[in-house]
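S.K.: just the structure for this:
(one chain, ligands or ions: 1)
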Amino acid sequence: MSNIIDGKTILITGGTGSFGKCFAKYVLEHYEPKKFIVYSRDEYKQFVMSSDPVFRRHEAKMRYFIGDVRDRERLERALHGVDYVIHAAALKQVPACEYNPAEAIKTNINGAMNVIDACLNTGVTKVVALSTDKAVNPVNLYGGTKLVSDKLFIAANAYAGDQDISFSIVRYGNVAGSRGSVIPFFRGLIEKGETTLPITDYRMTRFWISLKQGVELVLKALAEGKGGETFISKIPSFYVKDLAEAMLPGCRTTEVGIRPGEKLHEVMVTAEDSANTMEYDKNFIVYPQIMFNERQVRDMSGRAVEDGFVYSSGTNTEWMTVEEIRERLKETED
Ligand SMILES: NC(=O)c1ccc[n+]([C@@H]2O[C@H](COP(=O)([O-])OP(=O)(O)OC[C@H]3O[C@@H](n4cnc5c(N)ncnc54)[C@H](OP(=O)(O)O)[C@@H]3O)[C@@H](O)[C@H]2O)c1
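M.R.: The predicted model follows:
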C-alpha cells in the first residue's frame, strides 16, 4: 500500500471515539502527516484525548476542533486546508436511535450530507465514511440511517464532476471488545462470579474484527479508493456460544432470546450486491451499481464473486475454534 499520508492534513469527525483514537494513534505512529484534526462536540473527551501520552508526543501536529456534524458552516471552517476526511461521527447505539429517531437522522443522515457538501466546497481530495453491517438490509433505525448515509457518500461521487475528490466507504461489524458488546458483557458477569452465561440464540454468529483491522481497512480505502466502493475485510466467524466457552471453560449457558433490532448473523454482502462484488486476497469490494464519473474504475486484480454470493458470518468459510477465540481475547484485554 503506497504512503499517501505523509505531508497531508487529515480530519476525522468523531475523532475522540473508539475508532477515532485508534486511527489517530496508528497514523501518528506509522506516518508523518502534516496535521491531524479531531472534530467532535465534547470538550472533555478532547481534553482527555489530548492528555494521552501518544497525542502529547505529537501535539505539534494535533488540532482539536469543537464542532457538530449537524453544523455545515463549522465543518467548512474546520476543513480549510484539509486533504483527507474520515467520517466516523455517528449516533450508534441501537436502542438510543430507536427511542430518538429524529436525533439519529440529524446526526447520521443530515450530518453525512453536511460532511459531503463541506468536503466538496473546500478542496478535500479523499473521503472515507464508516459503515456497519447494520446498514445491510436494516432492521433498526440505526441501520436505516447508516444505509442512507452510505447511499449519500456513494452518490456524492456524482456531485464531484471534474473535481479531484473521491468518496468511499468501509464496512465492518461489531468490533471485538467494543463498549456495549458481548465480550465486556460476559466479562462483567464472570467477574461477578456468574457460572451461567446467557446466549440470545445458540445459532447466533458474529465476525471477529479488531479495531486495528478496521483502521488498516480505512487506510487501504484511503489509498486505493477511486470513489463509490464499499471495502469489506475477509475475517473469521465464531459462534457466540463458543465465545462463552472460551471465556468461561465448562460454563453453563441459557438461551434468552434475540433482542429487538438484533440479527442472528452479520451480513456484509447481500445476494443482490453480488453482481457488483469483487473478491481480493484480504477483502471484498462492493462497487456501486452506477458509476458516476470516469475516475471510478474497478480494481481488476481480483475476481468477481458468484452470482447470489452472500458474505455472512453464518455462512463464512473461515471459523474460529474455542482455542482460537481464547487466544484472540487477549487483544481485547487492555
Ligand atoms: N463500534 C463498533 O463496533 C462499530 C462497528 C461498525 C461500524 N461502526 C461505525 O464506526 C464509526 C465510529 O464508531 P465508534 O465506535 O468510534 O463510535 P464512538 O466511540 O461512539 O464515537 C463516536 C464519536 O462521534 C462523535 N460524535 C457523535 N455525535 C457527533 C456529532 N453530532 N458531531 C460531531 N461528532 C459527533 C463523538 O464525540 P462527541 O460525543 O464528543 O461529539 C465520538 O467522538 C461510527 O460511524 C459507527 O457507526 C462502529
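
S.K.: so Glu59 touches Met49, yeah?
M.R.: No - using CB atoms under 8 Å, Glu59 makes no contact with Met49, being 11.1 Å away. No exception for glycine: its C-beta is placed from N, CA and C like everyone else's.

S.K.: looking at those two now, which is surrounded by more residues?
M.R.: Per other CB atoms under 10 Å, whichever of Glu59 and Met49 has more neighbours is Met49, with 20 against 10.

S.K.: distance of the more buried one relative to Leu211?
M.R.: According to CB to CB, to the nearest Å, Met49 stands 15 Å off from Leu211.

S.K.: so Ala221 is in which element?
M.R.: Using DSSP states H and E, Ala221 maps to helix 211-224.

S.K.: for that helix, output the C-alpha coordinates as CSV.
M.R.: Extracted as CSV, the C-alpha positions of helix 211-224 are listed here (Å, rounded to 0.1, in the frame of the first residue of the first chain):
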residue,chain,number,x,y,z
LEU,A,211,-10.2,-2.1,15.9
LYS,A,212,-6.7,-2.2,14.3
GLN,A,213,-8.0,-4.3,11.4
GLY,A,214,-10.7,-1.6,11.0
VAL,A,215,-8.1,1.1,10.9
GLU,A,216,-6.0,-0.8,8.3
LEU,A,217,-9.0,-1.2,6.1
VAL,A,218,-9.8,2.6,6.3
LEU,A,219,-6.2,3.3,5.3
LYS,A,220,-6.5,0.9,2.4
ALA,A,221,-9.7,2.6,1.3
LEU,A,222,-8.0,6.0,1.6
ALA,A,223,-5.0,4.8,-0.5
GLU,A,224,-6.9,2.8,-3.2
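
S.K.: which parts of the protein are helices?
M.R.: Along the chain, the segments classed as helices by DSSP state H run 18-30, 43-51, 53-57, 72-78, 94-99, 101-104, 111-122, 141-160, 182-191, 211-224, 240-247, 322-329.

S.K.: among those, which is nearest the ligand?
M.R.: Closest to the ligand of the helices of the chain is helix 18-30 (CB to the nearest ligand atom; 3.4 Å).

S.K.: now the angle from that closest one to helix 211-224?
M.R.: Here the directions of helix 18-30 and helix 211-224 differ by 70 degrees (axes from the mean of the first three to the mean of the last three CA atoms, to 10 degrees).
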